[in-house]
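Visitor: give me a 3D structure for the following:
(one chain, ligands or ions: 1)
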Amino acid sequence: MNQRVLVASNRGPVSYQFGAGGSLTGHRGGGGMIAGVTDGLAALGPETSATWICAALSDADRAVARARNAGPRDEGLEVGIPVRMLDIAPDIFDRAYNRVANSALWFLLHQLFDTPSQPRFGREFRRDWEAYLAYNEAFAGALTEEAVTGEGDLRVLIQDYHLCLAPRLFRDRLGEAGPAAGIGHFCHTPWAPPDYYRMLPDEVGRALLDGILGADRAGFHAERWATAFLDCCAAVLGADVTRTGLAGPGPGPVGRVTYRGHVTEVAVHPLGVDAAALRERARAEDVRAHADALRRAAGDRKLIVRVDRTELSKNIVRGLAAYRELLATRPQWRGRVVHLAFAYPSRSALAEYRAYTGQVRELARQITEEFRTADWDPLILEVKDDYPRSLAACAVADVLLVNPIRDGMNLVAQEGPVLSERGCALVLSREAGAAATLAADALLVNPYDVTETAEALHRALEMPDAERARRGAALAATAAADPPARWLGGQLASLGLGS
Ligand code: G6P
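Guide: Predicted coordinates for the structure are as follows:
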């Protein structure tokens, strides 16, 4: 039978910019969600067609969306998946994305509010919340149109905290008369425990949970986040929650929520990497050239690498502080190690992110000033996103530092060991979702403990070659065990889609 998959997410696989003379150039979106869905869809068999519904994020995206709506739908640039971009009114989009999703929900789910002053849910937030509802309605409307016009056995995969209301809205719109559609929601972030979650206004907290419970399956990267979601359903909604727990490291269901007569299965689907494709990409000339340049720049010094978008959860400032403490307390490493810190721009529309980027730059400047010598630069901070250079840095790293305060999964912790040429030591925050699968072979740290992180960097640098290679190979094998095809295919299978 003909099978169809609809994906809905805020950011799509491609976003456009105006170039000279009004020309349009497209580039692939960043973040783990895009990588997982793109590669997962690419692995679907020929009997399954897919359409990706996303929001127009920029004026250039809007121009593309309008042109497409006027003519035949074309393929999304590079990714080979038909993309439908929603031209949502800029004010609605701004309030839904920047104010609700990024300023409220993202901070809530990562438990990152500076609580003596934030959040403040006043009248302005209630207006923003109306926009979030309208934005979710726009997605539910587009999904419904696609559902009723196309043919085939339909599954719908709705992504992330931007679209918590969409599963329920879509289910209601489709109603009894519409085609049967299995609905999945996947949250790529952590989920917060009830005590923290309850910071939201009551009606908002209930609406978000009720929205996700419109899905047949609610997915998370790690058991911790899935369990927190179950806890919120019980505590905030008073829903009927059955807990089965996860038998192994996943994937699999952890429980069920029955609410308003509908059952939602809550499950863990860890997202790893497509090791073969990643290694193939790393063999390309552009990556090789960067790797050679990095090796030349490092000489016989050891390399500590980090690669992050500059999100407040990534803990770049404490990571730099740990490197500073390493150099201060273990002078034997001075002149013998270089820290390559890639901190790429993210969400610069938010003042908190701009301020954080400033802190990263300032601390990097201080470290360089304090320790630099005539023939040694202790730290190279790069803020311009460069994918081939990131892959090259992972390939040549001796130590990979991944120390988020909290993270749904974290792909860098998995890509790094897969790309590493000689096996790298991984210093990993215990608060990353990926710690659930990588713990045995990584050096786990409490992300708030700068001294412990500095010590872990020291142990990682000192690790004998054979042990580093052994641990690196084990980390790479674990990361490769849950490729995007399995992550996405597992969700579709749980929604009853045959392969
Ligand atoms: C983080 C979250 C993802 C989310 C992404 C959106 O990486 O972990 O769950 O999809 O941000 O980023 P954006 O740049 O689109 O706001």
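Visitor: show me the shaky parts of this protein.
Guide: Within the chain, the stretches with pLDDT under 70 are 1, 69-79, 177, 498-499.
Visitor: what residue in it comes nearest to the ligand?
Guide: Residue nearest to the ligand within the chain: H188 (3.1 Å; C-beta to the nearest ligand atom). C-beta here means a position set from N, CA and C on the backbone, and glycine is covered the same way.
Visitor: output stretch 463-482 as PDB, nothing but the C-alphas.
Guide: Coordinates of the C-alpha atoms in stretch 463-482 are reproduced here as PDB (Å, rounded to 0.1, in the frame of the first residue of the first chain):
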ATOM      1  CA  MET A 463      44.800   8.800  29.000                       C
ATOM      2  CA  PRO A 464      47.100   6.200  27.500                       C
ATOM      3  CA  ASP A 465      46.700   5.800  23.700                       C
ATOM      4  CA  ALA A 466      45.400   2.300  23.900                       C
ATOM      5  CA  GLU A 467      42.700   3.100  26.400                       C
ATOM      6  CA  ARG A 468      41.600   6.200  24.500                       C
ATOM      7  CA  ALA A 469      41.300   4.100  21.300                       C
ATOM      8  CA  ARG A 470      39.400   1.400  23.100                       C
ATOM      9  CA  ARG A 471      37.000   3.800  24.700                       C
ATOM     10  CA  GLY A 472      36.600   5.800  21.500                       C
ATOM     11  CA  ALA A 473      35.700   2.700  19.500                       C
ATOM     12  CA  ALA A 474      33.100   1.800  22.100                       C
ATOM     13  CA  LEU A 475      31.600   5.300  22.000                       C
ATOM     14  CA  ALA A 476      31.500   5.200  18.200                       C
ATOM     15  CA  ALA A 477      29.800   1.800  18.200                       C
ATOM     16  CA  THR A 478      27.100   3.000  20.700                       C
ATOM     17  CA  ALA A 479      26.500   6.200  18.700                       C
ATOM     18  CA  ALA A 480      26.200   4.100  15.500                       C
ATOM     19  CA  ALA A 481      23.600   1.800  17.100                       C
ATOM     20  CA  ASP A 482      20.800   4.300  16.800                       C
END
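Visitor: give me the contacts around it.
Guide: Residues from elsewhere that reach stretch 463-482, judged by C-beta atoms under 8 Å, 6 or more residues apart in numbering: 250-251, 269-275, 398, 413-415, 417-418, 420, 422-426, 437-438, 440-442.
Visitor: buried set for that stretch?
Guide: M463, R468, A469, R471, G472, A474, L475, A476, T478, A479, A480, D482 (16 or more other C-beta atoms under 10 Å).
Visitor: equivalent analysis for stretch 257-264, please.
Guide: By 16+ other C-beta under 10 Å, the buried positions in stretch 257-264 come out as V257, Y259, T264.
Visitor: likewise stretch 166-176?
Guide: The neighbour-count check on stretch 166-176 (16+ other C-beta under 10 Å) flags A166, P167, R168, L169, F170, R171, R173, L174 as buried.
Visitor: what is the subsequent helix or strand relative to the helix or strand where the second one lies?
Guide: Using DSSP states H and E, P167 sits within helix 166-174. Toward the C-terminus, helix 166-174 is succeeded by strand 181-187 as the next helix or strand (DSSP H and E).
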